[in-house]
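Peer 1: Fold the following.
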Amino acid sequence: MHKKRELSLRSGIVLGIILLILTGISLSGASVSAQGQSFSIAKDTTVPRTCPGSTLLLQSTVLSSAAQSFSLSQEGDAARFSISVPTGFILSAGGSKTLFSYVTPPSTTSPGTYRLKLFVNSASASASAEYNIVVEDCRAVSLNFEASSKSTCPGEVASYKAILRNIGRFTEDYSLSVDGQAKGFTTLSDSSVRLLPGQEKDVYAFVNPPFDVGGVHDFTLSARSASGITSSQARINVLPCYNYAFTSEKSSYEICEAEKLSIPLALENKGSVANSYKMSSSGSAFASLNRGLISLAPGQTAVAELIFSPSFGTQGEFPVKVNIEGALGKESKVLPINVKVKKCYDAQLDIAPETLALCNTFSSRQNVLIKNTGEFSNKFTLSVSGASFATLDREVADLSAGESVIATLALAPDEKTPAGNYGVVVKMTDPISKISSSDTLKVTTITREQCFLPGISLSQKVVEVPKDSAAAISFTVENRGREPAEYVLALSGNALQFSQINPSLVKVSPGESESVFLHVAPTLATAEGAYRITVTARLKESQVYASETVDIKVLASGAKPSIGTGSAVRETRGFADSLREFLRKIFRIEVKSTGNNTSVSQPESPQIPQVTQKPQEKPQAEKNNVTEEAQSTNQTFGSKGLMAFLRELFSSKPQAQTVQGNETLTQGSERGARGSERETQSAGRNGKEIVIDLPEEGRNKSKGTGESVANKNASAETERSITEGNKTSSSLTGSGSATKQFLSQYSYHLVAALILILLIILIATGTWRRIVEFFVEEEGKNGRKNGKKR
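Peer 2: Numbers count the residues shown, from 1 in each chain. Just a heads-up that it's a prediction; the model follows:
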């Protein structure tokens, strides 16, 4: 253990001696003390020196004659990179303390002298010691050219010697580089060098100017280390030893086919010595030189010729390169020349559209541009191919240079032309130069059926309609072809007797559609059951058509359909109809639905002739029902009969009767011969009012042999009127939402009040007697009719 302490003590002494030797500080220097003070500071008088990035140790000793405490502080421009310790300490009488100051200038510190002043303070006195620290340039380097300016010829190498010397205190690594005008043709013998302190190295720069470079060019040689950079400049003068010029008047030329062109090429020796030049051409077989070798003295010039001779029919751009090289210096150059050979005989043909779709039996005329784009007048022959239905209005076009005409290409495929794609080619040819131009029109022929193809779509294909009511079924007629078309609308099936369609003729543009309505209105005479009606849209005067079928189920009168009727309008007898019929019978008043007095549930439609068919003969069971109904209606009014009549009169809901003005033709089941129907239709189309009031006997007998048994049993008087109705509206009768709500809440009160008022009027005016007479008379008539039937 004792040996380890003795070894540590010896090691500390050795380290202290080494530090004293390195820093050059001696504690035996002069002391600095304050007069009359109880302590003093001693420091070394040697000037301290250090390098940027290195650490310098300064030692100062404080001697005290009395026991006291001290504090240490520092100032000066060296204080920013110096640390002094300890900053506080206590000494007994006769004691001493060594102060350590560590001075470490940063590597970026500039060389120079920096001041460091230490202050030692006690409770009663203060003392100081000052140091002037020298920061040296310890990484200095020098770089110099032996000869900084030289002259040379192009293609020859000039060598420059530079000396790189490390005059610093550390070993350094240097990277070498060149910058400046001559950088592109200068190389170095070394790219990096390592030098010990005081060591130097010869570095060579080799300058080799190319043949196209001349004049004075500067360059800079630099040596870069971790601590900085050192540079040195040099200059090279490139002499025109082998310089020459080789030029042409223009770089681009234009000629016609089969024309000869001679291009002059000028050569001048701008060097300081005589030289010979070898020339050649490349790039086109039409180009050649009249001379291959030229010798020139300094300052002398000569002219060579490049001959370009294209053959007939040649056209386009022809880049030619003329190569030249000097015998001395081996300087070579390339002279690019572009020769454009244009077509002096040329033509242009264009058809305006690229594609065309054409229906069979239709024709089309297309313009064809024919132009002479050459430089001479010419006569062109014209031809057309690709389709037998294509013809041209001319065969020859005689045109001057730049002149153009418009020819007409006629296309007319007949009905038997197969549908498909045809490439119609129109061609123009110059018989002299054999040049030609053509264009193709892609024609697609379409069959007549596809050109006017109709389409039908129904809003619903199944509908239920009670007897004595109506439904309006909308459907759309679409033009799926390519041409505007007129479609005739027709109906077929076993529902013709109570169906009609408006309008019967529609004109539809390609890709568009028209809405049409099918009106279905089975009468009381119509037998219940399933019916079918087919709507057909046929192209006018052709067999092109499309069709859709609607299944119609006729229900009993007043029955509620289980299948929605879409836009159907129920036509039931309500209070207004019952009252009107009652008043007509009592007061012999004829009530007519004309003009705007009747609400209409359909939009106006063009007039179309309606096809009437005989009603189908009803089954025997239905005939019996009709007979029984007629008998029950004509019974004598008793108390029960009167109450039943009043209930029927006032219990029905308001109706929405459909009237189509002069466009709606009645298909009554009680009509006789078809001649009277045609007269009725004709009068309706002319806007006349038609009232059919058949006598009582005529109602029970059929005038035509084709009348059904149901017509013989039909009861009630038949009156139909077709009036002039151009102003007839097409809207459902009804009131606003507020009126509907009022009527729904107070309908029975209103009916009771109306009945009371009506009874008062009948009693006060004595009309009740006529009512009794009416019913007695009706009962007698019904009795006689029933007797005849039996």
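
Peer 1: leaving aside the residues next to it on the chain, what's closest to residue 293?
Peer 2: The shortest distance from residue 293 to any non-neighbouring residue, by CB to CB, 6 or more residues apart in numbering, is to residue 278 (5.4 Å). C-beta: built from backbone N, CA, C; applies to glycine.

Peer 1: What is the neighbour count of the one you found?
Peer 2: The tally of other residues near residue 278 (other CB atoms under 10 Å) stands at 13.

Peer 1: same question, residue 218
Peer 2: So residue 218, with other CB under 10 Å, has 15 neighbours.

Peer 1: Tell me what residue 288 is bridged to.
Peer 2: residue 307 (DSSP bridges).

Peer 1: Could you do residue 98 as well?
Peer 2: Applying DSSP bridges, one finds that residue 98 bridges with residue 61.

Peer 1: isn't it right up against residue 63?
Peer 2: No - distance between residue 98 and residue 63: 10.6 Å, which falls outside the contact criterion (CB atoms under 8 Å).

Peer 1: out of the two, which sits in the busier spot?
Peer 2: residue 63 (16 against 11).

Peer 1: Does that one belong to a helix, a strand or coil?
Peer 2: When classified by DSSP: H, G, I helix; E, B strand; the rest coil, residue 63 comes out as strand.

Peer 1: quick one: low-confidence ranges for the stretch 251-400 of the chain?
Peer 2: Regions of the stretch 251-400 of the chain meeting the criterion pLDDT under 70 are absent.

Peer 1: Just the helices from it, written as ranges.
Peer 2: Applying DSSP state H, counting those that start in this stretch to the stretch 251-400 of the chain gives no helices.

Peer 1: buried sites along stretch 413-421?
Peer 2: Neighbour-count burial for stretch 413-421 flags 413, 417 (criterion: 16 or more other CB atoms under 10 Å).

Peer 1: Equivalent analysis for stretch 190-204, please.
Peer 2: Of the residues in stretch 190-204, 193, 195, 201, 203 count as buried by neighbour count, 16+ other CB under 10 Å.

Peer 1: how about those residues in a markdown table, adding distance to residue 420 and pLDDT?
Peer 2: Below are these laid out as a markdown table (distance: CB to CB, whole Å; pLDDT from 0 to 100):
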| residue | distance to residue 420 | pLDDT |
| --- | --- | --- |
| 193 | 86 | 93 |
| 195 | 92 | 91 |
| 201 | 90 | 92 |
| 203 | 86 | 94 |
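
Peer 1: picking that back up, what's the distance between the residue nearest to residue 293 and residue 332?
Peer 2: Going from residue 278 to residue 332 by CB to CB, to the nearest Å gives 9 Å.

Peer 1: Mind listing the shared neighbours of these two?
Peer 2: Residues touching both residue 278 and residue 332 by CB atoms under 8 Å, 6 or more residues apart in numbering: 324, 325.

Peer 1: Among the buried residues of stretch 190-204, name the ones in strands.
Peer 2: Cross-referencing the buried residues of stretch 190-204 against strands under DSSP state E gives 193, 195, 201, 203.

Peer 1: Residues in a beta bridge with the second one, which ones?
Peer 2: Looking back up the chat, that one is residue 195. In beta-bridge terms (that is, DSSP bridges), residue 195 pairs with residue 172.

Peer 1: show me what contacts it?
Peer 2: Applying CB under 8 Å, 6+ apart, we find residue 195 in contact with 141, 164, 165, 166, 171, 172, 174, 201.

Peer 1: helices and strands of this structure: which one has the lowest mean pLDDT?
Peer 2: Sorting the helices and strands of the chain by mean pLDDT, DSSP states H and E puts strand 721-722 at the bottom, at a mean of 29.

Peer 1: Now the phi/psi pair for residue 138, please.
Peer 2: Note on residue 138: its backbone torsions stand at phi -90, psi -10 [degrees, to the nearest 10].

Peer 1: What residues does it make contact with?
Peer 2: Shown in contact with residue 138 (CB under 8 Å, 6+ apart): 51, 52, 54, 168, 169, 170.

Peer 1: farthest-separated two in those residues?
Peer 2: Farthest pair in the contacts of residue 138 (CB to CB) is 54 and 168. Separation: 11.9 Å.

Peer 1: Give me the below-cutoff pLDDT ranges for the stretch 651-790 of the chain.
Peer 2: Residues of the stretch 651-790 of the chain that meet the criterion pLDDT under 70 lie in 651-745, 774-790.
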